[in-house]
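Colleague: dropping the sequence and predicted coords here.
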Number of protein chains: 2
Amino acid sequence: MATQKDVAKKAGVSFITVSRVINNEGNVKEATRKKVEDAIRELGYFPSFAGKALNSGRNNTIGIMTPIRFNEGIENTYLMSLLKGIERACRENGQDILLSPMVEDSGSFDYLRPYRQRKVDGLIYVGLQSLSGSMIDEINDLLIPCIVIADRPGHKRISWIDTDNERAGYETTKQIWKRGHRVIAFHGLEPAIHNANIADREAGFRRAFRELAGTEPDERLFIRSGYDGESIRKSIHALFNPACRYRGTPEPTAVFCSTDNRAIAVVQELASLGLTVPGDVSIVGFDGFARFYHSSPTIATNAQPLPEMGELAVRILLEHITNRNLPRREVVMTVPFVDGESLGNLGTPGGRA
Amino acid sequence: MATQKDVAKKAGVSFITVSRVINNEGNVKEATRKKVEDAIRELGYFPSFAGKALNSGRNNTIGIMTPIRFNEGIENTYLMSLLKGIERACRENGQDILLSPMVEDSGSFDYLRPYRQRKVDGLIYVGLQSLSGSMIDEINDLLIPCIVIADRPGHKRISWIDTDNERAGYETTKQIWKRGHRVIAFHGLEPAIHNANIADREAGFRRAFRELAGTEPDERLFIRSGYDGESIRKSIHALFNPACRYRGTPEPTAVFCSTDNRAIAVVQELASLGLTVPGDVSIVGFDGFARFYHSSPTIATNAQPLPEMGELAVRILLEHITNRNLPRREVVMTVPFVDGESLGNLGTPGGRA
DNA sequence: TTGAAAGCGCTAACAT
DNA sequence: ATGTTAGCGCTTTCAA
């Protein structure tokens, strides 16, 4: 492959002049510039990134680090939605994306290697699971430019962007209430699985219910299941199948599902019980991914602004890379409610009789 | 950040000795090695990748180039499943992954830049849309190590890995037939959308039907729709809603859907018509993604071996990178049938009466 | 306006 | 077993 030197020889100038032309510096006679440009074109010369990186210290590459497993259903959509924004911002700023998945079965793997090797200028960590304490310490000690998405590491130097799940849960509950629903179930995670985001959504639901109803919500209307279909199936039967329901538990007219995934599964399960959505029961999800699947009915949900978060993460990261002394940034994004067919109006046409 | 020189000074040796220790070369006295290793540890030294790349010509990075849009539902799962295998093979071979999405609205964008800059040693192109002729020519002219997944560019130098959609369509149709189904619909793409993979699946269906039934399949049982829910809804009504069906068209007992996406949408649509799966109709999908969504019933499908394809692509690419004179490789992967609840036995319990 | 020299971090080839 | 020299492709600094 052609180098600056080759171009210089062909154009009859020194290689430094070639460098000047490439970097659009002044002080190059028009005729010389022309000669060099012709030589570049003829040789198909393209500047090598390594030479540049070696003396600028910059690679124009940012690393995406994430424990999200590939090939695992809905989480892929989460990651891809972020990447959509990350990609856009990177393209606008001339950055490339180095993907560093964190695989759990390789415990001793050095995830910061791409940075230590100076293959990337900084890191975006996509959470869902929190960064380990030792990694946080190391990021801090090495002064690695880093920003965390979807988690809030409590560390003085590490910036983060997260969504306001509590508030979204709150606002959505108000929407459900506004449509006339008074017996509302919340479909969350079984206690063994801890997920701070989902816990926040539930907290928002509780706060809204308390405000609107003036009482605490009925604890029997909190259903908790795992991620698997079987577990979700059981939870729905416990609520809507009279044979399975605890005596005295009221039948809800709406279910606030903690994820879209769940919402879709719940709609299917209700169908197998002969219940229609929103005719018999209204369903609301959370995430915004249902929009990407051809679900029928469309699911009312909360759409996390993931592409925007990805874009913002890149911008903040680049600032940190350029200026190492910038203070930490903390960004809380609101999660807007998105209406859908699955949320009906109680007592009006299209809703329950 | 510490360099070899710093380590050398600290250890009281020359920098070349440091290089030797790092690369585990022989000819280093045990005591010297120890000194150097201590210095490395104390300084937190890590070899810079740019220096190495500069004189080895290798970056140990491979580029993933794809026109697949992020944030677009099921295609994400396709890409992620490939990446799962790509990641595994890269990790085993000490390679990093540079993600280069191809965005259509930036027509003049130079997708081969990461290679021209020598930021990546080779490229994996993930198809679905074919590589443009001009890019194929350029890959050829520049002798870029490259392998294409999910397409078969007819070019002498470019390797590819693809699935055998025709054969999978054929085998699956035999499975449906074996369960007693004789009136089988095929749910494909509307004519305006061309997709070679789906066309191949349909061809396999036709060949099997011809062999098994001894006649051509009924053209009225080929339903074609777009990707959107509305379009799929209409297509299902045309087949199963007596009010919409052409007079004389037989009602199928099974529908072979050209993707899992479609299969899931079809199950939902049938439910809204009061038809159950597999009680009233059997459904078969294609792709294998339904496994990742908690669909009820589980969908019988064809599971593309995507992680394996990704892994193989990396291995072949690395061979091409190491040895530029290797001949092109062409790999056709078989797509195994995966049974599921959605495919019932006609005339037996659990199937249609 | 152009060029020469030095150096970024590393390794291969050649001394010692 | 260890060190010296040169060079990978590029930019920065200084000189002409």
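Modeller: Structure's in. What do you need?

Colleague: so whatever residue of chain A ends up closest to DNA strand D is in which element?
Modeller: Going by CB to the nearest atom of the strand, DNA strand D is nearest to residue A:51 of chain A, at 2.7 Å. Every residue, glycine included, has its C-beta placed from N, CA and C. Secondary structure from DSSP states H and E places residue A:51 in helix A:49-56.

Colleague: try residue A:192
Modeller: When elements are assigned from DSSP H and E, residue A:192 belongs to no helix and no strand.

Colleague: distance of it from chain B?
Modeller: 18 Å (CB to the nearest CB, to the nearest Å).

Colleague: need the contact list for that residue.
Modeller: The contact partners of residue A:192, by CB atoms under 8 Å, 6 or more residues apart in numbering or on different chains, come to residue A:226.

Colleague: so for it, what's the pLDDT?
Modeller: You'll see residue A:192 listed with a pLDDT of 86.

Colleague: please report how far it lies from residue A:226.
Modeller: Separation of residue A:192 from residue A:226 (CB to CB, to the nearest Å) stands at 8 Å.

Colleague: sorry, back to before: now for the helix holding residue A:51, which elements pack on it?
Modeller: helix B:49-56 (3 or more CB pairs under 8 Å, 6 or more residues apart in numbering or on different chains; DSSP states H and E).

Colleague: do the helix it packs on and DNA strand C meet at all?
Modeller: Yes - using CB under 7 Å from any atom of the strand, helix B:49-56 reaches DNA strand C at B:50, B:51, B:52, B:54, B:55, B:56.

Colleague: buried subset of the residues you listed?
Modeller: Among the residues of helix B:49-56 next to DNA strand C, those buried by neighbour count (16 or more other CB atoms under 10 Å in any protein chain shown) are B:50, B:51, B:52, B:54.

Colleague: surely the first one is in contact with residue A:56?
Modeller: No - with contact defined as CB atoms under 8 Å, residue B:50 and residue A:56 do not form a contacting pair (9.6 Å).

Colleague: minimum pLDDT in the residues of helix B:49-56 next to DNA strand C, which residue is that?
Modeller: The member of these with the lowest pLDDT is residue B:55, at 85.

Colleague: now for that one: which residues touch it?
Modeller: Counted by CB under 8 Å, 6+ apart, residue B:55 has zero contacts.

Colleague: from residue A:118, how far off is it?
Modeller: Going from residue B:55 to residue A:118 by CB to CB gives 16 Å.

Colleague: again with residue A:268
Modeller: From residue A:268 over to residue A:118 (counting by CB to CB), the distance is 50 Å.

Colleague: between the two, which has more neighbouring residues?
Modeller: The neighbour count for residue A:268 versus residue A:118, taken as other CB atoms under 10 Å in any protein chain shown, is higher for residue A:268 (24 against 20).

Colleague: that one: which element?
Modeller: helix A:260-272.

Colleague: show me the helices in the stretch 151-300 of chain A, by range?
Modeller: Using DSSP state H, counting those that start in this stretch, the helices of the stretch 151-300 of chain A run over A:165-178, A:196-213, A:229-240, A:260-272.

Colleague: which parts of chain A sit against DNA strand D?
Modeller: Checking chain A against DNA strand D by CB under 7 Å from any atom of the strand, the hits are A:1, A:3-5, A:15-16, A:19, A:22-23, A:47-48, A:50-52, A:54-56.

Colleague: so which helix or strand takes in residue A:20?
Modeller: Here residue A:20 is assigned to helix A:15-22, by DSSP H and E.

Colleague: export that helix as PDB, just CAs?
Modeller: Provided in PDB are the C-alpha atoms of helix A:15-22 (Å, rounded to 0.1, in the frame of the first residue of the first chain):
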ATOM      1  CA  PHE A  15       6.800  13.700   2.300                       C
ATOM      2  CA  ILE A  16       6.200  16.600   4.700                       C
ATOM      3  CA  THR A  17       4.500  18.500   1.900                       C
ATOM      4  CA  VAL A  18       2.200  15.500   1.400                       C
ATOM      5  CA  SER A  19       1.300  15.600   5.100                       C
ATOM      6  CA  ARG A  20       0.500  19.300   4.700                       C
ATOM      7  CA  VAL A  21      -1.800  18.700   1.800                       C
ATOM      8  CA  ILE A  22      -3.600  15.900   3.600                       C
END
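
Colleague: and the next element down the chain from that helix?
Modeller: Helices and strands here follow DSSP H and E; after helix A:15-22, the next one along the chain is helix A:30-43.

Colleague: mind listing residues that contact that following helix?
Modeller: For helix A:30-43, contacts defined as CB under 8 Å, 6+ apart pick out A:2, A:6-8, A:10-13, A:17-18, A:21-22, A:28, A:45.

Colleague: for those residues, which one is nearest residue A:325?
Modeller: Nearest to residue A:325, judged by CB to CB, of the contacts of helix A:30-43 is residue A:22 at 30.8 Å.

Colleague: so how far is residue A:47 from the closest one?
Modeller: From residue A:22 across to residue A:47, the span is 6 Å (CB to CB).

Colleague: joint contacts of these two?
Modeller: In contact with both residue A:22 and residue A:47: residue A:4, using CB under 8 Å, 6+ apart.

Colleague: let me know the pLDDT of the nearest residue to residue A:145 once chain neighbours are set aside.
Modeller: Nearest residue to residue A:145 in three dimensions, chain neighbours excluded: residue A:122, at 3.5 Å (CB to CB, 6 or more residues apart in numbering or on different chains). On pLDDT, residue A:122 comes in at 97.

Colleague: residue A:122 against residue A:63, yeah?
Modeller: Yes - here residue A:122 reaches residue A:63: they are 7.2 Å apart, a contact under CB under 8 Å.

Colleague: and residue A:185, what does it touch?
Modeller: Counted by CB under 8 Å, 6+ apart, residue A:185 has contacts A:221, A:222, A:223, A:239, A:252, A:254, A:255, A:256.

Colleague: any chance of those residues in JSON lines, with distance to residue A:214 and neighbour count too?
Modeller: Formatted as JSON lines, the contacts of residue A:185 follow (distance: CB to CB, whole Å; neighbours: other CB atoms under 10 Å in any protein chain shown):
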{"residue": "A:221", "distance to residue A:214": "16", "neighbour count": "19"}
{"residue": "A:222", "distance to residue A:214": "19", "neighbour count": "14"}
{"residue": "A:223", "distance to residue A:214": "23", "neighbour count": "22"}
{"residue": "A:239", "distance to residue A:214": "24", "neighbour count": "25"}
{"residue": "A:252", "distance to residue A:214": "19", "neighbour count": "22"}
{"residue": "A:254", "distance to residue A:214": "19", "neighbour count": "27"}
{"residue": "A:255", "distance to residue A:214": "22", "neighbour count": "29"}
{"residue": "A:256", "distance to residue A:214": "19", "neighbour count": "33"}
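
Colleague: right, I'll leave it there.
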